[in-house]
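S.K.: coordinates only, sequence not included:
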């Protein structure tokens, strides 16, 4: 079953095109990483999928339900963590949980207790007295405790300390084990790399790349680092090779396609060390953003 | 540009819409009263008759304060504009001070400002400078409104100064409340409470013979005692200037000594969970608004008791034809019986309840601007049902306010043995509802269609229509233009019989506006601040 589907989803705010014909299909049980820098359109996508904003064109569905047309039905199966924790300042954490549970209609109280422990929340403190990170934890606990079929997380770890990051990752993995679908919008690449089955990369309102990490890596160059005994030869002219960095006796290269031409060029040269590795998600990401203007979008 | 300059400019720009509205209101009110008086009472004889009829009229004094000279255009305008203008100036002072000195801090922006290379003192002075600039704009609007229709420039300037003089005191009280209270809401409640108290003192001072000295205990009494165009007493202006300076200096001292984001009054940050009223968004709205509803009901009730007690004071008044004519223009009723006087007062309660309705929609808009509605609507919550529930809460509490006004008026009147039945006064209270609910519905429509302009439209409609009600007839506007104001269709119960036709029409319009707002809110984007 498809948990999230978007077809030609487009949103225009005045003259700004915030999202441009997005197509997505995310299966139930998947953990999907949604990557993009600030202003790429991540939050716009979420607002459209959740039916908070109305698409200019195209459609978005959660479990086959258009959330703009029938938000009540669509939201029954969704837990959401917003990028900014906007809560009711006069309520305590516990009161917030109770209120949000009433709204959602179901919750796993035992799991909630466990999460309150895990995230080290002072549940009797009023929201207005909590720091941003702690308010973020209130949102996280409330969302995960619903055990909703789909968790939509918009930069959920902003404001969390590293210990809480660990707690967050553990909680996402638990959700995954239970077969819940997770849509994780983020610009923290290590988080996405650690948690996600599939990744989509958004740039200026368009999905520029999508796939499993392995698939994304195949599309991209290998990173090869070589140290020589003496001055390195000029490898820039070798087909499929780009010199990324050269300093002293060491060079870092990006190799696209077969490494055969490079190996041929190296034959007989005084190579001391040679390492080859797959590009990190960061490198894939930067590849898509290299030299582009980072225009600001809703 | 220094840091204080930058803060002052930002703060002034932040308040430009509010300042603009107040300035427009002042200019219009001033010019319309001058023109209206000249039109209605062109001859000395008519003015003498008018002055005699109003000399001892307490019902009208309650609205406008005590007149000092009704024979000249200037004296009349000083009374009509000075009385209500001073209250508006007080409201402006409170709003401006709390906004600049507490709301900014509440929103967390003040931290960012203070992290700049700016001292606590210059941050405070910058905010004050912005309020001062706002007061200057109001002064100019008022002065131009008066002098622009050929009133003597010197006297106009003095009247304008006297009318805006409460800004100093109430900005001071607002600034002090902002230092004491740990949140915007509490600061606003404290400062507004002091404003209501000052108004009550003026009402009692003006209407009671033995307690006349109370006029000297309130900034509204001071502005009255400046007697513009009636033997002006500039020295009285020292009172608001000095007390304003003391209050602002005191607030400044506290501001320079306290932590950003806190108030002197303790904030209760932890609490045992109270699980009442959490079952739905509507229940939470009730929970959030209970305090505010209680304050509005209490203030209205208190005022209603005073009104009830005063209702017998004109029973024996000898009202010549001119007064009847004047009152007819204000809304048309006799005030020689307690019932008649009360009917007149209930116009004030309609205004109060309508403003309360606006405040309810303003609270709803704040929930959206601060993105809590976004948090809400990602849950299985139907937007239209949510809005309907929220409007129901507002309508129910408006009804509570209306009935409290009726009941408390009865209690006050009964204490003075006025012969008006409880049933009749409850009816008078309920009679306020069609007009107020229409304003509630229009505010909801504004919220649904142009969310960012909600407050401007909601409060603007109520104050604009009320002003039009007071001034339109005086200006000799044609009937169809007067009929635009919902207040025009308000029957002066208990003096007049309840008019079912207009009431039904107002309610039908309100229902239409509610339906339109539900439809529209269901299909628009949620809109942040």
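M.R.: Yes, it's here. Just so we're clear, the structure is a prediction, and the values are computed from it rather than from any experiment.
S.K.: pull the distance from stretch B:424-434 to the chain's centre.
M.R.: Taking the mean of its C-alpha atoms, stretch B:424-434 sits 21 Å from the chain's own mean (Cα atoms, centre = their mean, to the nearest Å).
S.K.: ok, and what's touching that stretch?
M.R.: Judged by Cβ atoms under 8 Å, 6 or more residues apart in numbering or on different chains, the contacts made with stretch B:424-434 from elsewhere in the structure are B:339, B:342-343, B:346, B:349-350, B:353, B:398-399, B:402-407, B:409-410, B:413, B:489-491, B:493-494, B:498, B:502-504, B:506-507, B:510. Where C-beta positions appear, they are placed from N, C-alpha and C, glycine not excepted.
S.K.: which of these count as buried?
M.R.: B:339, B:342-343, B:346, B:349-350, B:353, B:398-399, B:402-407, B:409-410, B:413, B:489-491, B:493-494, B:502-503, B:506-507, B:510 (16 or more other Cβ atoms under 10 Å in any protein chain shown).
S.K.: quick one: contacts for residue B:474?
M.R.: Residue B:474 sits next to B:32-33, B:36-37, B:39-40, B:329 when contact means Cβ under 8 Å, 6+ apart.
S.K.: equivalent analysis for residue B:415, please.
M.R.: B:308-309.
S.K.: then residue A:227?
M.R.: Listed by Cβ under 8 Å, 6+ apart, the contact set of residue A:227 reads A:249-250, A:271-273.
S.K.: re the thing from before, tell me which of the buried ones among the contacts of stretch B:424-434 fall in helices.
M.R.: Per DSSP state H, helices hold the following members of the buried ones among the contacts of stretch B:424-434: B:339, B:342-343, B:346, B:349-350, B:353, B:398-399, B:402-407, B:409-410, B:413, B:502-503, B:506-507, B:510.
S.K.: next, count neighbours for the residue of the stretch 1-150 of chain B found nearest chain A.
M.R.: Of all residues in the stretch 1-150 of chain B, residue B:106 sits closest to chain A, with a separation of 8.9 Å (Cβ to the nearest Cβ). When counting by other Cβ atoms under 10 Å in any protein chain shown, one arrives at 19 neighbours for residue B:106.
S.K.: separation between it and residue B:485?
M.R.: Residue B:106 sits 36 Å away from residue B:485 when distances are taken as Cβ to Cβ, to the nearest Å.
S.K.: by proximity to chain B, which residue of the stretch 151-298 of chain A wins?
M.R.: residue A:152 (7.6 Å).
S.K.: beta partners of that residue?
M.R.: Beta-bridge partners recorded for residue A:152 (DSSP bridges): residue A:80, residue A:183.
S.K.: and the pLDDT for it?
M.R.: According to the prediction, residue A:152 has pLDDT 95.
S.K.: for it, give its distance to residue B:87.
M.R.: 50 Å.
S.K.: the two: who's more crowded?
M.R.: Neighbours of residue A:152 and residue B:87, each counted by other Cβ under 10 Å, are more numerous for residue A:152; the result is 26 against 22.
S.K.: list the contacts for that one?
M.R.: Contacts for residue A:152 (Cβ under 8 Å, 6+ apart) come out as A:46, A:49-50, A:78-81, A:183, A:185, B:378.
S.K.: can you list contacts of the lengthiest helix in chain A?
M.R.: Across chain A, the longest stretch assigned as helix under DSSP H is helix A:162-177. Contacts to helix A:162-177, defined as Cβ under 8 Å, 6+ apart, come from residues A:29, A:31, A:115, A:118-120, A:133, A:137, A:140, A:144, A:151, A:156-157, A:160, A:182, A:184, A:191, A:194-195.
S.K.: pull out the buried residues from stretch A:251-260.
M.R.: Judged by neighbour count using 16+ other Cβ under 10 Å, the buried positions of stretch A:251-260 are A:251, A:253-255, A:259.
S.K.: typo on my end, it should be stretch B:236-247
M.R.: B:236-237, B:239-240, B:243-244, B:247.
S.K.: can you pull the buried residues of stretch B:101-119?
M.R.: Buried positions in stretch B:101-119, judged by neighbour count with 16+ other Cβ under 10 Å: B:101-106, B:110, B:113-114, B:118.
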